[in-house]
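Undergrad: missing the sequence, but the structure's below:
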């Protein structure tokens, strides 16, 4: 069964850090582009970052550039999102999916909540 499972969310103070994990099963992350997305309360789902498979090319939304880092561990078949200098506006449910845009994303995970307190 093809599946992506997110973990690592939680409550953190502004300025703090969290690392999210997206564990894949049923396929190899190295063969896909894997993206992180988020949905804040009352807002649309938006792309945050993605990483291509073998080329390891990365993309970041302007709002997270310089603060978030996406990486892939092929041995663990997992994609990570290291988030630093967190802001209250980063509060959202974070999802991972295969793909780099909301429209093209597939195999969506169930999400992990990130809450940043001021």
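TA: Here it is on my side, so go on. The shown structure was predicted, so the numbers you read here are calculated from the model rather than taken from an experiment. Numbers count the residues shown, from 1 in each chain.

Undergrad: If we go by neighbour counts, what in stretch 11-31 is buried?
TA: 12, 18, 20, 21, 22, 23, 24, 29 (16 or more other Cβ atoms under 10 Å). C-beta here means a position set from N, CA and C on the backbone, and glycine is covered the same way.

Undergrad: Look at residue 67 and say how many residues are nearby.
TA: For residue 67, the tally of surrounding residues (other Cβ atoms under 10 Å) stands at 15.

Undergrad: And for residue 113?
TA: Neighbour tally, residue 113, other Cβ under 10 Å: 12.

Undergrad: Reformat the buried residues of stretch 11-31 as a markdown table; add distance to residue 78.
TA: Formatted as a markdown table, those follow (distance: Cβ to Cβ, whole Å):
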| residue | distance to residue 78 |
| --- | --- |
| 12 | 21 |
| 18 | 15 |
| 20 | 10 |
| 21 | 6 |
| 22 | 6 |
| 23 | 5 |
| 24 | 7 |
| 29 | 7 |
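
Undergrad: Next step: those residues restricted to helices.
TA: Among those, no member is found in helices (DSSP state H).

Undergrad: of those, the lowest pLDDT goes to which?
TA: pLDDT across the buried residues of stretch 11-31 is lowest for residue 29, at 92.

Undergrad: just to revisit the earlier point, among the buried residues of stretch 11-31, name the ones in strands.
TA: Of those, the ones assigned to strands by DSSP state E are 12, 18, 20, 21, 22, 23, 24.

Undergrad: Quick check: of the residues you listed, which lies closest to residue 96?
TA: Of all these, residue 22 has the smallest distance to residue 96: 3.5 Å, by Cβ to Cβ.

Undergrad: contacting residues around the closest one?
TA: With contact taken as Cβ atoms under 8 Å, 6 or more residues apart in numbering, residue 22 is in contact with 4, 5, 6, 34, 36, 78, 79, 80, 81, 96, 109.

Undergrad: strands paired with whatever helix or strand the third one lives in, and their directions?
TA: Assigned by DSSP states H and E, residue 6 belongs to strand 3-7. Here strand 3-7 has these sheet partners by DSSP bridges: strand 18-25 (antiparallel).
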